[in-house]
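Q: Sequence and predicted model, in that order:
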Amino acid sequence: MSHPSQAANFLKDEKRAHWHDETLWFVREKRDLASKNIPEWEELRNLASGIKNHVLSKLDVYLEELEEKATANGIKVHWAKDAKEHNEIVLSILKEKKCKAIVKSKSILTEECHLNPFLEQHGVEVVDTDLGERIVQFLNQPPSHIVLPAIHLKKGDISEIFHEKLHTQKGNEDPVYLTHAARQHLRDKFMAAKVAVTGVNFAIPETGEFVVCTNEGNADMGVHLADVHIACMGIEKIIPRRADLGIFLRLLARSATGQSITNYNSHFRSPAPGKEIHLILVDNGRTNQLAREKFKNSLKCIRCGACMNTCPIYRRSGGYSYGSTVPGPIGSILSPGIDVKKYSTLPFASTLCGSCSDVCPVKINIHEQLYEWRQEITKAQGWTAKGMSMKMANGIFKSPLAYKISGKLLRSTLKTLPNSVIYNPLNTWGKNRDLPAVPKESFKEWYQKNRS
Amino acid sequence: MEVALFIPCYIDQFYPHVGKATLELLEKLGCNVTYPMDQTCCGQPMANSGFERDTEGTTRQFLETFKGFDYIVAPSGSCVLHIKEHQPKMDDLSEVQKEVQSKIFELSEFLTDVLKVGTIKGSFPHRIGFHSSCHGQRGLRLSSSSELNETPFSKAMDLFAGIEDLEVVNLTRKDECCGFGGTFAVSEEALSVQMGKDRLSDHLEHQVEIICGGDTSCLMHLQGIAERTNKPVKFMHLAEILNQAIS
């Protein structure tokens, strides 16, 4: 998987790429308006960042407190060290309940664990109930964005998918009509499911409860109709107290979509009589990331997706170009921690413009971590031609004489080379850009002649 | 006040006129400017490619060349940011390194915060677009960032404020990256060019005569695309406009 080739592919349809860029920029602008409407925005970011830093500094203590309080509330708590354990825990609950069909609200963690294909292999039908997720599920695609899973698709695409899967009128692209069809379709699934799976946005050790945020109310619909609720969370989803929640809910909604509040922020503390709640705490590489001093604060992420909407690369290359469950800038600092080889091009898919760090509601220094991952990746790669050329460059730049000679050589070569060589397809700069005109003397030469 | 002029390597080789404009401007504003002849490069291209550890020789050369001046000034936000944040730690030169890192300034920052010139008085009768380079803007905080909830400011616009007949347009996306990004420009060529085209369109839609910026690297990328696609627009570094406006 190489980001540059995926990105080049995405950009082949220039019109569509432009539309994708504009669509996400629209979300970024909504976010700007919403965040600038509250004067205390930067203070909220500071608070959220501080709280999350604190949580990460004593995560073990908070997790045990969460387990204790949640258990006392009647929630069954499970620990999963990796994706495999997580999936097996879910399957074992389903087997115990003799459940062959589940509904699932949006959970990037279950995407990360590849829960859907695992359950399907074991004969369980999984229905994603978030509208965007249901759409990409019809296509057998993963989400291309963590908040807007089907943002890469246009109305016309969705109309075609629904015509095929839900037998809507061919060519009818009316959003109200299409949404209504999805609603009818999902109602039947909700009614039939005995088990509902959800993600977790925030877990609160103080009270032993957890909070799930959705705009469509689909998590609630699933959970209230089912006998069993399985909630899956990464171990970093902790905030210490219920009193801290307001800070995060205000930041999350505004950062994600520009809304002032998410439509449904539902608290789950104890199961209703006769029902069950299971909470699965998943590590899957998170403690490894926590142990990496330079990268641990990537675990502060609350999955708002703002860094994707603002990223000039993401907007023009699409979520799939990253080849990782979490795409975009945050994905590019999380994924190399999981597999440094597989995701080696991601930290280079950035100009280090820093927009991601400024937009981040919990102040993760994303672009600085991209820079740091580059240093780690080149070390892990060992000898490369690029590494050799960097060593040679250092050899030139550490010597004023070598620099002077090679600079002169470069300029005179560029002057004498025919354009067919300079603008050869093999010369990447020159494929779509002219080179600067070559001056007869460098600044240094001019200065020496005229000033010294 | 003795000011050392740092002219980044690509400006030295390809844009000597930007170096000259910076030198003349600083002199007009009363600085005693020296150009240390042994300077080469800051090491950024290697470090941003993931080889910071291989820039020790380059860094040593830089520190030895620029130690002992009152200030170091460069017409590049990007290279200054590199010196401040991404030089490898040099244990045997740690005092010099600390001194150099605290005394180096990007041009508009130096004029605003050290010389405190307020604004430049002069005339420049043109309609321009200003490209804020990301490293200058979000790295050195030379202007407010559209992501943050902060009072808008811009050191370049403050300098421009006293120049008669200079019109600076309001861009639709005022601080989006141009897509240069150093080696990104070749390693992600397709993306880099698309980002550059989009940035260029924003300026052209606002009928600018000149695209101005504080980092020649961004301008080189945008100019390369503009020339290839025959776009009728000129490119000037901030130092050139300020220097011409005064005279």
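A: Received it, and whenever you're ready, just let me know what you need. For clarity, every value in this text was computed on a predicted model and none was experimentally measured.
Q: Can you check which helix is longest in the chain?
A: Since no chain was named, I'll use chain A. The single longest helix within chain A, with elements called by DSSP state H, is helix A:14-36.
Q: could you do chain B instead?
A: Of all segments of type helix in chain B, defined using DSSP H, the longest is helix B:189-205.
Q: So which other helices or strands are in contact with the following helix or strand past it?
A: As assigned by DSSP states H and E, the chain's next helix or strand after helix B:189-205 is strand B:210-213. Applying 3 or more Cβ pairs under 8 Å, 6 or more residues apart in numbering or on different chains; DSSP states H and E, one finds that strand B:210-213 makes contact with strand B:127-131, helix B:216-228, strand B:234-237, helix B:238-246. Heads up, the C-betas are built off the backbone N, CA and C, glycines and all.
Q: out of those, nearest to chain A?
A: Of all these, helix B:216-228 sits nearest to chain A, with 3.1 Å by Cβ to the nearest Cβ.
Q: touching chain A at all, the closest one?
A: Yes: Helix B:216-228 is in contact with chain A by Cβ under 8 Å from any Cβ of the partner chain, via B:220, B:221, B:223, B:224, B:225, B:227, B:228.
Q: Most neighbours of all those residues, which one?
A: Neighbour count (other Cβ atoms under 10 Å in any protein chain shown) singles out residue B:221 as the most crowded of the residues of helix B:216-228 next to chain A, with 25 neighbours.
Q: my guess is it meets residue B:179, correct?
A: Yes: if you go by Cβ atoms under 8 Å, residue B:221 and residue B:179 touch, sitting 6.8 Å apart.
Q: residues touching whichever residue of the stretch 51-200 of chain A sits closest to chain B, list them.
A: With Cβ to the nearest Cβ, the shortest gap between the stretch 51-200 of chain A and chain B falls at residue A:152, namely 16.2 Å. Residues in contact with residue A:152 (Cβ atoms under 8 Å, 6 or more residues apart in numbering or on different chains) are A:20, A:144, A:145, A:318, A:319, A:320.
Q: Leaving out the residues flanking it, which one is nearest to residue A:306?
A: residue A:255 (4.1 Å; Cβ to Cβ, 6 or more residues apart in numbering or on different chains).
Q: for the residue nearest the centre of chain A, phi and psi?
A: The central residue of chain A, meaning the one whose C-alpha is nearest the mean C-alpha position (Cα atoms, centre = their mean), is residue A:326 at 3.3 Å. When read as degrees, to the nearest 10, the backbone of residue A:326 gives phi -100, psi 110.
Q: Surely residue A:201 and residue A:236 touch.
A: No: counting by Cβ under 8 Å, residue A:201 stays clear of residue A:236, with 11.6 Å between them.
Q: How many neighbouring residues does the residue nearest to residue A:14 when sequence neighbours are not counted have?
A: The spatial neighbour of residue A:14 that comes closest, neighbours along the chain excluded (Cβ to Cβ, 6+ apart), is residue B:194 at 7.6 Å. By the measure other Cβ under 10 Å, the count of residues near residue B:194 is 26.
Q: Domains in the chain, by residue range?
A: You didn't say which chain, so I picked chain A. A:38-284, A:396-450 (automatic domain parsing).
Q: You answered for a different chain; I wanted chain B.
A: Taken from automatic domain parsing, chain B resolves into B:2-114, B:122-246.
Q: need those domains in a markdown table with mean pLDDT, can you?
A: Below are the domains of chain B laid out as a markdown table (pLDDT from 0 to 100):
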| stretch | mean pLDDT |
| --- | --- |
| domain B:2-114 | 96 |
| domain B:122-246 | 97 |
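Q: Mind listing residues that contact stretch A:387-395?
A: Stretch A:387-395 is contacted from outside by A:378, A:381, A:402, B:41, B:43, B:45-46, B:49, B:51, B:54-58, using Cβ under 8 Å, 6+ apart.
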